[in-house]
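Peer 1: Mind looking at a prediction? Sequence and model below.
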Amino acid sequence: MKRTMTHTSHAPSATPASAPPPGATGRALPRWSAPAALAAILLLAAALYGWALGSLGWGNSYYAAAVKSMGRGWTNVVFGAYDPAGVLTVDKPPAALWPQVLSTKVFGLHGWAMLLPQVLEGVAAVLVLHRTVRRWAGEGAGLLAALVMTLTPITVAINRDNNPDTLLVLTLVAAAYALTRALQAPSGRSAVGWLCGSGFLVGAGFLTKMLAAWMVLPALAAAWLVGAAGTWLVRVRRLLVAGSVLAVSSLWWVALVALWPGDRPYIGGSEDGSAWDLVIGYNGLGRIFGENGATGGPGGASFGGAAGLGRLFNDQVGGQISWLLPLCAVALGVATAVAVLHRRGETATGAPLAASGWVLWGTWLVVCGLVFATQEGTFHPYYTTQLAPAVAALTAGLATALARSHRAGARWALPTGAGAVLVTVVWAVVVIERQPSWNGWLTWPVVAAGLGAAALLLLAGRRHRMLPAALGGAVLAVLLAPGAWAVSVPGSTSAMGGANHTAGPAPSGGMPFGRGAFPSGGPGGSGPGGLEPPGGLGGGTGGMPGAGSDDKPEGAPSGMPTFGGGGGGAKGGMGGMARLMDGTDLTADQRKILRYAVAHSGSARISLAADGGAMAASSYILNSDATVIGMGGFIGTDDAPSVDQLATWTERGELRYVLGSEPGSRGAGPGAMMGGADSPATRRSAWIADHCAKVPAAAYDGRADGSTGMMGMGTTLYDCAATKDAK
């Protein structure tokens, strides 16, 4: 006989989710007000994420090139091939690219068509977060959480790009929603179904960005164990069932790669071409400990400053995500205090929010925050968009908890809220004043709003009718500065195009690479010998996109406020690098090289192989229909193609022309520079020098100066069908 499990103390006290919180007083708002407010927030999100998509070009050209290549065949789609020939894949699973491929099939191959799914996913994440927090803390909290996430600067920035983080956040927020439904389910069977759905959605996130999705598992598991019905044994057993669903939904693609019976692309970012190595290495332990294997050797490029507990508050990351972190700390403290007081029988706290919600969002923030702060491998500020749902939920939870406690008679509630607002405003001023030349005037409105909100909160303790105005003022005070950063994004282009989207002003200093990266070890530093791009990052004249001085500057989308230039402020100092990564149009020399290679390749399967990986090949793939490959993956360090493959291709007539560097020149490409004397990139360069003949520049009406392109990549065309004696 089945026994129906019912929830007791762990269940949210508001049932249904739309009911007002216990202790609420005053005149009820019209029924249409909440849907109207939600619609307004979603429209704001759509505007911020989708404004002038057509002006953003291809976004991150690495993924954009893969989207175009995946449209060439089903095998490319399944594995996420980077190049049209299916030689190797991108260094992530392909799930985030599938919606972009579908969009380009419907709307055509345009940059905006690739970015449109990102906008929709970003708006959907805001909606799902609203529904999740609403079930935990009520309608008002759900709306506030949705607004906070909408105005999170780094979330706005990354949702206007084609990196996988947008879909990752959507799947994880959806997993949190499913878990919340499981905790509130009226029966054991329903609870297990929702819990398994949560595991499945985390698995979908794994297919987007691998182990990054699993970082929320401690939060989901802890929330379930704290808040679920039944004995501990029942909870653990049901958790294990959901874990099996998680394993299948996460690893089916990895198993498919391992068991594929025919030829398939080399898995980019791995050392041996397997998906297992990618999971454990580059997208796993390599991110934590800095051993990035095939993609960069020890260490990793740190665009977010040195690893350490202060990283989330530093110059590079602070303006992206840290604005409300002090508020979140207060939220967790208040939640703990209310729980303790309620357990002691205090009635002046109001009905506490379900502990499972605090555990879910608090653990999410702490675990993911610690990983991002301390990871030694490759780190971009936009990774922290994964913190945005937790920051938003905790902020909304704090507002609800304080309001409930105040209405229940707690005299400490509103002073605590006033203190939280002031602490948040002080931190906002610190962030703003780091670069006062970028909208430094914001300091005074933020300070005024903070002081006004704090005063209103204190006065509302004696004049209850002032509470709505006080709460509104508090929301304005804490969101004014991050909102300004967020609004700046649609009016500008960020520091490195689609490769490293950020909001607000560009961090001071030079290239944002940390130890182990190819350029400098810190702001204003110099890299190892031979690694400095010719002519500087802003104005080299090699054949890479964006390197020439005649390239058109990227303008900000019209109609949006520029807020002093936004993230585009870095363009002046690293414009070439930014253009390199955004798939801009081919230069005149590149077009000449490509036309010559295509015209003389005959029936060769591959028209041109570019040494230097995606940095060298993306513009060719995006701006032509020729079959061009980037040797070595993202930056040229992967062992694909190997020298044996190159030899086989040339013998069979599948490849004739290679774009490389002059023997002995500085243009060895980043893969060779980072990998050492016996790296795959170095071996390929040596093979090209030994087996291929240089094509005279006059043959294709090109330059004959032998210069190297951006990041040291060569611009010399080689004919690998020519005999060595012909050189």
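Peer 2: Thanks, I have it. None of the values given here were measured: they were computed from a predicted structure.
Peer 1: and the closest residue to Gly319 other than its chain neighbours, how many neighbours does it have?
Peer 2: Leaving aside its chain neighbours, Gly319 sits nearest to Gly504 (4.5 Å; criterion: Cβ to Cβ, 6 or more residues apart in numbering). (Each C-beta comes from the backbone N, C-alpha and C, glycine too.) Neighbourhood size, Gly504 [other Cβ atoms under 10 Å]: 32.
Peer 1: Can you give me the distance of Gly504 to Ala610?
Peer 2: Gly504 sits 34 Å away from Ala610, taking Cβ to Cβ, to the nearest Å as the criterion.
Peer 1: surely the residue nearest to Gly319 meets Gly318?
Peer 2: No - the criterion here is Cβ atoms under 8 Å, and Gly504 misses it with Gly318 at 9.5 Å.
Peer 1: In the host helix or strand of Ala486, which residues are buried?
Peer 2: Using DSSP states H and E, Ala486 sits within helix 467-488. Neighbour-count burial for helix 467-488 flags 467, 469-471, 473-488 (criterion: 16 or more other Cβ atoms under 10 Å).
Peer 1: One more: stretch 240-258?
Peer 2: Buried positions in stretch 240-258, judged by neighbour count with 16+ other Cβ under 10 Å: Ala242, Val245, Leu246, Ser249, Ser250, Leu251, Trp253, Val254, Val257.
Peer 1: hang on, the second one is in a helix, isn't it?
Peer 2: Yes - checked against DSSP: H, G, I helix; E, B strand; the rest coil, Val245 lies within a helix.
Peer 1: Spit out the contact partners of it.
Peer 2: Applying Cβ atoms under 8 Å, 6 or more residues apart in numbering, we find Val245 in contact with Cys196, Gly199, Phe200, Gly203.
Peer 1: how about a cut-off of 7 Å?
Peer 2: Taking Cβ atoms under 7 Å, 6 or more residues apart in numbering, we find Val245 in contact with Cys196, Gly199, Phe200.
Peer 1: Let me know the helix or strand that the last one is in.
Peer 2: Here Phe200, judged by DSSP H and E, is contained in helix 188-209.
Peer 1: Okay, the closest residue to Ala45 other than its chain neighbours and Ala486: tell me how far apart.
Peer 2: Closest residue to Ala45 in three dimensions, ignoring its sequence neighbours and counting by Cβ to Cβ, 6+ apart: Thr150, at 4.4 Å. According to Cβ to Cβ, Thr150 stands 8 Å off from Ala486.
Peer 1: Name the residues contacting each of the two.
Peer 2: With Cβ under 7 Å, 6+ apart, Thr150 and Ala486 have common neighbours Leu48.
Peer 1: Extract the residue ranges of the protein that are flagged as low pLDDT.
Peer 2: Within the chain, the ranges that satisfy pLDDT under 70 run 1-27, 291-302, 347-350, 492-499, 507-583, 663-677, 704-714, 723-727.
Peer 1: how about the strands in the stretch 601-727 of the chain?
Peer 2: 608-611, 628-631, 657-660, 693-694, 716-719 (DSSP state E, counting those that start in this stretch).
Peer 1: do the stretch 251-400 of the chain as well
Peer 2: According to DSSP E, counting those that start in this stretch, the stretch 251-400 of the chain contains no strands.
Peer 1: ok, Glu271 - how many residues close by?
Peer 2: That count, for Glu271 with other Cβ under 10 Å as the rule, works out to 17.
Peer 1: again but with Thr231, I slipped
Peer 2: By other Cβ under 10 Å, neighbour count at Thr231 equals 9.
Peer 1: Next, find the distance separating it from Arg238.
Peer 2: Relative to Arg238, and taking Cβ to Cβ, Thr231 is found at 11 Å.
Peer 1: again, but for Leu102
Peer 2: Leu102 is 35 Å from Arg238, by Cβ to Cβ.
Peer 1: Between these two, which has more neighbouring residues?
Peer 2: Arg238 (20 against 15).
Peer 1: check contacts around the more buried one.
Peer 2: Taking Cβ under 7 Å, 6+ apart, one finds Ala191, Val192, Leu195 in contact with Arg238.
Peer 1: wait, what's in contact with the second one?
Peer 2: Shown in contact with Val192 (Cβ under 7 Å, 6+ apart): Arg238, Val241.
Peer 1: tell me the contacts of Cys692?
Peer 2: Val658, Tyr718, Asp719, Cys720, Ala722.
Peer 1: For Gly633, state which of these is nearest.
Peer 2: Proximity of the contacts of Cys692 to Gly633 (Cβ to Cβ) peaks at Val658, which lies at 16.1 Å.
Peer 1: For that closest one, list each beta-bridge partner.
Peer 2: Ala609, Tyr718 (DSSP bridges).
Peer 1: doesn't Trp687 make contact with it?
Peer 2: No - with contact defined as Cβ atoms under 7 Å, Val658 does not count as touching Trp687 (9.4 Å).
Peer 1: And these two? Which one has more around it.
Peer 2: Set side by side, Val658 and Trp687 show more neighbours around Val658, with 28 against 20, by other Cβ under 10 Å.
Peer 1: Nearest residue to Gly273 in space, ignoring adjacent ones along the chain?
Peer 2: Nearest to Gly273 is Tyr266, by Cβ to Cβ, 6+ apart, at 4.4 Å.
Peer 1: Tyr82 too?
Peer 2: The nearest residue in space to Tyr82 (Cβ to Cβ, 6+ apart) is Ala66, at 4.7 Å.
Peer 1: and that neighbour, what does it touch?
Peer 2: So Ala66 contacts Gly80, Ala81, Tyr82, Val90, Leu97 (Cβ under 7 Å, 6+ apart).
Peer 1: top of those residues by neighbour count?
Peer 2: Tyr82 (35 neighbours).
Peer 1: circling back: who wins on neighbours among the contacts of Val245?
Peer 2: Neighbour max across the contacts of Val245 (other Cβ under 10 Å) = Gly199, 25 neighbours.
Peer 1: Tell me how far that one lies from Arg237.
Peer 2: Taken as Cβ to Cβ, the span from Gly199 to Arg237 is 14 Å.
Peer 1: Likewise for Glu121?
Peer 2: 34 Å.
Peer 1: between the two, which one's more packed in?
Peer 2: Using other Cβ under 10 Å, the more surrounded residue of Glu121 and Arg237 is Glu121, with 20 against 12.
Peer 1: My guess is that one contacts Leu167. True?
Peer 2: Yes - counting by Cβ under 7 Å, Glu121 does reach Leu167; the two are 5.3 Å apart.
Peer 1: Show the residue spans covered by the helices in the stretch 101-250 of the chain.
Peer 2: Applying DSSP state H, counting those that start in this stretch to the stretch 101-250 of the chain gives helices spanning 111-137, 139-150, 153-158, 165-184, 188-209, 211-214, 217-227, 232-259.
Peer 1: Kindly reformat the ones you listed as CSV containing distance to Thr682.
Peer 2: Shown next, in CSV, are those (distance: least, Cβ to Cβ, whole Å):
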stretch, distance to Thr682
helix 111-137, 34
helix 139-150, 46
helix 153-158, 34
helix 165-184, 33
helix 188-209, 30
helix 211-214, 30
helix 217-227, 40
helix 232-259, 27
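Peer 1: These: which one's closest to Ala449?
Peer 2: helix 139-150 (15.6 Å).
Peer 1: pull the CA atoms of that closest one into CSV?
Peer 2: Provided in CSV are the C-alpha atoms of helix 139-150 (Å, rounded to 0.1, in the frame of the first residue of the first chain):
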residue,chain,number,x,y,z
GLU,A,139,5.6,37.1,-5.3
GLY,A,140,7.4,40.2,-4.2
ALA,A,141,10.7,38.2,-3.7
GLY,A,142,10.3,36.6,-7.0
LEU,A,143,10.0,39.9,-8.8
LEU,A,144,12.9,41.4,-6.9
ALA,A,145,15.1,38.4,-7.7
ALA,A,146,14.2,38.7,-11.4
LEU,A,147,15.1,42.4,-11.4
VAL,A,148,18.4,41.9,-9.7
MET,A,149,19.4,39.2,-12.1
THR,A,150,18.3,41.3,-15.1
